[in-house]
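Peer 1: return atomic coordinates for the entry below.
(chains A and B)
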Amino acid sequence: MTEASAKIKNVDLEIAPEATKPQSRSWRRFRRNKPAMLSVWVLGIIIFLCMATLFISVNQYDHQQLELTSTAPTMDSSKLDRVLDPETKVWREKFAPFGYDSLGRNLLWRSLFGGMVSLGIGLAAAIISVSIGTGWGLIAGWYGGRIDNIMMRTVDILYGLPYILLVILFKIAFEPQLIKIVGEKHEKIANVIILFVAIGGISWLTMARVIRGQVMSLRSQPFIEAARAQGLPTSRIMLKHLLPNLLGPIIVYATLTVPQAILQESFLSYLGIGIKPPVPTWGSLASEAVKAVNTVDSFWWMITFPCVMLGLTLLCLNFIGDGLRDAFDPRTKKKG
Amino acid sequence: MFTYILKRILLAIPTLFGITVIIFSITHLAPGDPAQIASQSAGGQMSSEMSQRVYEELKKQYHLDKPITTQYWYWLAGDGERTKGIIRGDFGSSMSPDNRPVIDKINERLWPTMSLAMLAIGSSIVFGIPIGIMAATRRNGIFDKVSSTVLYGLYSVPSYVMAWPLILIFAVKLEWLPFQNMVSDNHEELSSMDKIFDLAKHYVLITVCSTYGSWAFYSRFVRQNMLEVLQQDYIRTARAKGLDERTITIKHAFRNTLIPVATLLSMTLPALIGGSVILENIFNWPGMGRLFFESMMQRDFATIMALSTISAVLIMTAILLADLTYALVDPRVKYD
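Peer 2: Below you'll find the model as predicted:
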């Protein structure tokens, strides 16, 4: 008898840390996912490089050295000579492992600064999608009925309209107004804000759908019924009881929103309606390079480096998002 | 079921009305109008006074001098000259310099885009679904890891970046495949067999570019749903019965993932005529995406309205279809 109870205790002790919090169990499962963890490291390095060099790249990204137009990358130490800057008469290091673009700008700094802008767009979209999408899904899923119908039909319609149409319409309609408000001087800022909002504004739709589905299934569970029976106000039930249970899908879909937004900005840049030059993004660098290509010269470095950084970031984010989904999905808990 | 469909169709009418009102007001309130753009582009040879007169003339012709509510009414019910109105199924005449009926413009662009979309969807079914099934049955095996890495890698490359090396290698260097337009310049002179061959060759590159991204999407979607199904009790029962893995995978597991797959497929209906603005631009493809972008840039209100109305109708059809297929493949779902 005592032996048996000791055994039971032992078993309890073994599974206790696993059993305490589903949330921490998910994180542990995520940490065991090798591709996802590798992606976290690679992404971390890319973000670190972009941020650590920001104080140089923010000054250098638009600096033209016309005598170096379309120069290939130079890593050969004999070629790493010093050149005279004709404008400022300052000798500057010809440090360009990424080469120069067709306007004589150092692609290293452009790629790094472009990374900051691209990642910023992704982050903005994620924040917007979390705040609007979660709120929308919560309300629609909680109240149901007619409110749910109207809200979800709105989502369906926005979902289906070609997103480029929405972004272009949004930009055409609101950009001039915003420029009027912030003044002609800050046109760049207005442009960036409009793009952030336009891309973010369509990125919350998936989130809203997923959250609504989750809320509908949570709503009928005993612990929510108990909370309602206690007479808790709706706002408290939503914040204290529903939101913590929605954390998993929110994190997963926020992560998956970031690569989507970065990719969408790059499409808009290609069409010439993205962030206005000379401010670079990975997408606009790639599209500038694609347009510079001709049959005689491929200028491989112009397209390779920004695209490798863009591709690597998107790949990492997709792997992380996938790993998070596997880790947080209650249905895949049995194995794993 | 009949009453359900009827109810849904009746409900769709006010929704559609709302969408057209929103798109109409955004396009018309945005700065720039077709008359202004047309008179500017023609204004090169004219004095400013002349172009001003042309502008006034065009404005009158397009009814842009009337209040926006009147313009909407004309679009809805016809003005007696340019259009018979949308309620009589007439999209009116284009507001670009060619002044052709919008329906003709759409008709000639429809087939290139639709055939391309069908090829793309078909190939993602043919490749994506088996890859997803195989990855799910050997979860975390070599095949799962390699396929997910390769497909996510492809998924992370923007289509316009992928188009560039493909064009350089296969069209420029090797001269195997053409990449401009749908047919060669000497298409008319070819024999009927060569005509088909010529057309097929033009499809290759743009089909590859518009397809590879969705393979990852479909295969991951199928994999995720398969994983969920494979953990069900009836799969264990099937194994216990001694059925071979093949039968279990195909007959028991995959058939149950058909519900979400069917829903996903019915949601691709709007994409059939949406087209890709970017790829159609690169490959000079006479499709809907380019028509949409061109009419956007020319502020061709008539064409924009026609395209967005058609896509809104398709979206709502797709949603209805998705709900119906849902009930068709899953008898537990009931119409309300």
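Peer 1: may I have the secondary structure class of A:Val279?
Peer 2: Under the three-state scheme (DSSP: H, G, I helix; E, B strand; the rest coil), A:Val279 adopts coil.
Peer 1: that one - how many residues pack around it?
Peer 2: Here the neighbour count serves as a burial measure; for A:Val279 (other Cβ atoms under 10 Å in any protein chain shown) it reads 17. From N, CA and C alone the C-beta is placed, and that goes for glycine too.
Peer 1: and the gap between it and chain B?
Peer 2: When distances are taken as Cβ to the nearest Cβ, to the nearest Å, A:Val279 and chain B turn out to be 19 Å apart.
Peer 1: how far off centre is stretch A:241-252?
Peer 2: Going by Cα atoms, centre = their mean, to the nearest Å, the spacing between the C-alpha centre of stretch A:241-252 and its chain's C-alpha centre is 18 Å.
Peer 1: likewise stretch B:235-246?
Peer 2: On the basis of Cα atoms, centre = their mean, the separation between the geometric centre of stretch B:235-246 and that of its chain is 41 Å.
Peer 1: measure that stretch end to end?
Peer 2: One end of stretch B:235-246 to the other measures 12 Å (Cα to Cα, to the nearest Å).
Peer 1: quick check: mean pLDDT across it?
Peer 2: Summarised as a single mean, pLDDT over stretch B:235-246 is 84.
Peer 1: so which bits of stretch A:173-193 are buried?
Peer 2: Within stretch A:173-193, the residues that qualify as buried by neighbour count (16 or more other Cβ atoms under 10 Å in any protein chain shown) are A:Ala173, A:Phe174, A:Glu175, A:Leu178, A:Ile179, A:Ala190, A:Asn191, A:Val192, A:Ile193.
Peer 1: restrict those residues to those near chain B?
Peer 2: The subset of these within reach of chain B, by Cβ under 8 Å from any Cβ of the partner chain, is A:Ala173.
Peer 1: farthest pair in the buried residues of stretch A:173-193?
Peer 2: A:Ala173 and A:Val192 (17.1 Å; Cβ to Cβ).
Peer 1: what count of nearby residues applies to the residue in chain B that chain A sits nearest to?
Peer 2: Among residues of chain B, the one nearest chain A by Cβ to the nearest Cβ turns out to be B:Ile315. It sits 3.0 Å away. Using other Cβ under 10 Å, B:Ile315 has 21 neighbouring residues.
Peer 1: that one and A:Trp204, how far apart?
Peer 2: B:Ile315 sits 18 Å away from A:Trp204 when distances are taken as Cβ to Cβ, to the nearest Å.
Peer 1: again with A:Asp62
Peer 2: 33 Å.
Peer 1: those two: which has the busier surroundings?
Peer 2: When A:Asp62 and A:Trp204 are compared for neighbours, A:Trp204 comes out ahead with 26 against 15, by other Cβ under 10 Å.
Peer 1: quick check, the more buried one in contact with A:Ala124.
Peer 2: No. With contact defined as Cβ atoms under 8 Å, A:Trp204 and A:Ala124 do not form a contacting pair (11.8 Å).
Peer 1: ok, now which ones touch residue 190?
Peer 2: No chain was given, so I picked chain A. A:Glu175, A:Leu178, A:Ile179, A:Ile181, A:Val182 (Cβ atoms under 8 Å, 6 or more residues apart in numbering or on different chains).
Peer 1: that's the wrong chain, I meant chain B
Peer 2: By Cβ under 8 Å, 6+ apart, the contact list for B:Leu190 reads B:Ser184, B:Asp198.
Peer 1: related to what we said a few turns ago, want to throw the contacts of A:Ala190 into TSV with secondary structure?
Peer 2: As requested, the contacts of A:Ala190 are exported to TSV (three-state DSSP):
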residue	secondary structure
A:Glu175	helix
A:Leu178	helix
A:Ile179	helix
A:Ile181	helix
A:Val182	helix
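Peer 1: show me how far the longest helix seen in chain B is from its chain's centre.
Peer 2: Criterion DSSP state H: the longest helix present in chain B is helix B:192-230. Distance of helix B:192-230 from its chain centroid, counting by Cα atoms, centre = their mean, is 14 Å.
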